[in-house]
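A.B. asks: what's the 3D shape of this:
(chains A, B and C)
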Amino acid sequence: MPRLSWSVAFLFVLLVSLVRPLHAAETNCQSQLYLGAAPILKNPKLAEQTSPVCFSEIALLYSGIARTPLWSAEHLTAGRIQRARGLSRLHSDAFHEEPSLPADLRSELADYRRSGFDRGHMAPNGDMSTIEAQEESFSLANMIPQEPCNNEVLWEGIESAVRSLALSEGDAYVVTGPAFLGAELRSLKGRVLVPTHIFKAVYLPSRKLAGAYFAPNDGSQSWEPISISELESRISVDVFPEASADVKRHAMDLPGPTPHFGCRLHTMEAGQQASGPGRR
DNA sequence: CGGCCGGATGTT
DNA sequence: AACATCCGGCCG
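C.D. replies: This is a model prediction of the structure:
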């Protein structure tokens, strides 16, 4: 009998030791969320096949149906932004599949390859203040298929503006994610859903002000500022559950994007490439 | 800042 | 032959 209970106990200890790092990571993850509260999915269908992923400077919820994050959250501080600006960007080979997700639900590098879409960060590399956090940000769990002009010009400009805002305000909670609106959704290889829109919500706790950027996932370079309530009505997610109703109802005056480059990329719609499988 | 590609290399 | 990794160059 000692033998049997031994093996049982051993298995139990093994399981606990496997699970414990996740708990540690989850508590650490709360620091990325305003008052430790994760965004709330108002539509039960959205919550199907989701898994939380906790990195050192990102808290996100991954959807195994969309094979993208539904939201990716960060707590930006002035110090974090200053340290992040001291780091150089990782090489693009740093993109990697997320091993902590169930294999059949993971998005893969092959899904994005030659798709015409960028692998677009939700929590951006430019917000990461350590090498470790940078590497984690390149996980495909943090990635959506993003139209190149949107990603590299408009969205880069918005990310940059939000960093400057956090730097000057000293403190900002940011939640970024995709929206899948309408009945006809495109996909990569029938696996990764292509978002129709992208949002970035910002909350300034010291000023009790909040608002969100909302943009179509196309090359139009258009965007609109909306309130957190309006965002919730569009995407069925309450990104700042602990913010007051007043704060959520009023859209703060968001700084406009400050892009570093223009985009005169040809208008070829992403998703259709000229060359077929020209393998040899 | 955000990405892309191709070349050289080492491993299976 | 296929795939990963590191590197450098390119673009917007």
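A.B. asks: DNA strand C contacts on the stretch 51-200 of chain A?
C.D. replies: A:91-93, A:96, A:109, A:149, A:152-153, A:156 (Cβ under 7 Å from any atom of the strand). Yep, even glycine has a C-beta here, placed from its N, CA and C like the rest.
A.B. asks: so what pLDDT did A:Ser107 get?
C.D. replies: On pLDDT, A:Ser107 comes in at 94.
A.B. asks: next one: the one 3 residues further on
C.D. replies: The model reports A:Ala110 with a pLDDT of 91.
A.B. asks: who does whatever helix or strand A:Lys248 lives in touch, helix- and strand-wise?
C.D. replies: Here A:Lys248, judged by DSSP states H and E, is contained in helix A:245-249. Other helices and strands packing on helix A:245-249, by 3 or more Cβ pairs under 8 Å, 6 or more residues apart in numbering; DSSP states H and E, are strand A:209-216, helix A:228-235.
A.B. asks: picking up where we left off before, secondary structure, neighbour count and distance to A:Asp127 added to the residues of the stretch 51-200 of chain A next to DNA strand C, as TSV?
C.D. replies: What follows is those, written out as TSV (DSSP: H, G, I helix; E, B strand; the rest coil; neighbours: other Cβ atoms under 10 Å; distance: Cβ to Cβ, whole Å):
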residue	secondary structure	neighbour count	distance to A:Asp127
A:His91	coil	8	18
A:Ser92	helix	8	18
A:Asp93	helix	7	20
A:His96	strand	15	18
A:Leu109	helix	11	23
A:Cys149	helix	21	21
A:Glu152	helix	18	17
A:Val153	helix	20	18
A:Glu156	helix	21	12
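A.B. asks: filter those down to the ones near DNA strand B?
C.D. replies: Within these, those near DNA strand B by Cβ under 7 Å from any atom of the strand are A:91-93, A:152, A:156.
A.B. asks: Please list all residues in contact with the residue lying closest to A:Leu165 once chain neighbours are set aside.
C.D. replies: Leaving out its chain neighbours, the residue that sits closest to A:Leu165 by Cβ to Cβ, 6 or more residues apart in numbering is A:Pro255, at 5.7 Å. Listed by Cβ atoms under 8 Å, 6 or more residues apart in numbering, the contact set of A:Pro255 reads A:161-162, A:164-165.
A.B. asks: Nothing else from me, thank you.
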